[in-house]
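>>> Here's my sequence, what's the structure:
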Amino acid sequence: MKILEHRTVDFSPNTNVSFIRVDVEDLSITIKEIITILSDLSWISRFDKKYIRSSFEERATETAKYLARNMKIGKDDRVTSDTGEYVVSELAREAIVQKFGYLDIPLAELFKEQVIGNPGFDFYSANSDDIVIFGEAKYLAKQNAYGVGMTQVARFIRTKQDISDINDIDKFFSEKALDAVHEGEKAYSIAFSSKTTSSDRIISGIKKHKKYAELSQYKELIFVAVNV
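Below is the predicted model:
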């Protein structure tokens, strides 16, 4: 993974909107690296309670095996839809941790309890102000996916999916950060597959999107374009 650029899109006293663009230099190698990352369960050891460690290990071990079996490249060296979304999720998560030094939490698929029809957010972090970042990843084979990502996040906010997800993520965050979520102090990240479109044009499209004003009212908003 290579971070190509980072821009501040909009900054005001109430919100900080930024844009990161990431390049997948070699898709086959990237997928192998992601499988290795997903299979590394050393993060479980950070928890003091044995029952917490065993619970996470039970979920994460089988999930990591499942993802390793299913992440693959289709014809013409293109990723399948499911693989594309995992690639976008993981590279966006890594980019946020690497670029900002924010909280490093494994991909949500590894530790969340899956609920049919209500999957929730794809990845999480916390910024330097201890504000929880809820991340959503979208992959589309033939177009930039920021629009569907913004629409999904707006819907999740409306249906209080972020509040619902707290039961799955509470062990990774401070009590202060979790209380802030309930007070409406939240941040979001929208990660999406991007094509050959210039960053200027993508950013312009993001700012013109009907959900931009709604989403940019929160404490921080991070867009991550992944060239895949």
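
>>> From what I see, Ala68 and Ser39 are in contact.
Yes: using C-beta atoms under 8 Å, Ala68 makes contact with Ser39 at a distance of 6.5 Å. C-beta here means a position set from N, CA and C on the backbone, and glycine is covered the same way.

>>> list the helices and strands the helix or strand encompassing Lys99 packs on?
Using DSSP states H and E, Lys99 falls within helix 81-100. Using 3 or more C-beta pairs under 8 Å, 6 or more residues apart in numbering; DSSP states H and E, the elements in contact with helix 81-100 are strand 2-11, strand 16-23, helix 27-39, helix 50-70, strand 123-126, strand 132-138, strand 187-194, strand 220-227.

>>> buried ones in it?
For helix 81-100, burial by neighbour count (16 or more other C-beta atoms under 10 Å) applies to 83-96, 100.

>>> Farthest pair within these?
Using C-beta to C-beta, the pair of these lying farthest apart is Thr83 and Phe100, separated by 26.2 Å.

>>> The lowest-mean-pLDDT helix or strand in the chain vs helix 27-39, what angle?
Taking mean pLDDT, DSSP states H and E as the measure, the helix or strand of the chain with the lowest value is helix 50-70, at a mean of 77. With axes from the mean of the first three to the mean of the last three C-alpha atoms, to 10 degrees as the basis, helix 50-70 and helix 27-39 are set at 160 degrees to each other.

>>> Export only the CA atoms of helix 50-70, formatted as CSV.
Output of helix 50-70 as CSV, limited to C-alpha atoms (Å, rounded to 0.1, in the frame of the first residue of the first chain):
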residue,chain,number,x,y,z
LYS,A,50,-9.1,-14.4,30.0
TYR,A,51,-12.8,-14.7,29.1
ILE,A,52,-12.5,-11.7,26.8
ARG,A,53,-9.4,-13.1,25.1
SER,A,54,-11.1,-16.5,24.6
SER,A,55,-14.3,-15.0,23.2
PHE,A,56,-12.4,-12.9,20.7
GLU,A,57,-10.1,-15.8,19.7
GLU,A,58,-13.2,-18.0,19.1
ARG,A,59,-14.7,-15.5,16.7
ALA,A,60,-11.5,-14.2,15.1
THR,A,61,-9.9,-17.6,14.3
GLU,A,62,-12.7,-19.0,12.2
THR,A,63,-13.4,-15.6,10.6
ALA,A,64,-9.8,-15.2,9.5
LYS,A,65,-9.8,-18.7,8.0
TYR,A,66,-13.1,-17.9,6.2
LEU,A,67,-11.7,-14.7,4.7
ALA,A,68,-8.4,-16.3,3.7
ARG,A,69,-10.4,-18.9,1.7
ASN,A,70,-12.6,-16.4,0.0
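
>>> Give me the buried stretch members for that helix, please.
Those would be 55-56, 59-60, 63-64, 67-68, for helix 50-70 by 16+ other C-beta under 10 Å.
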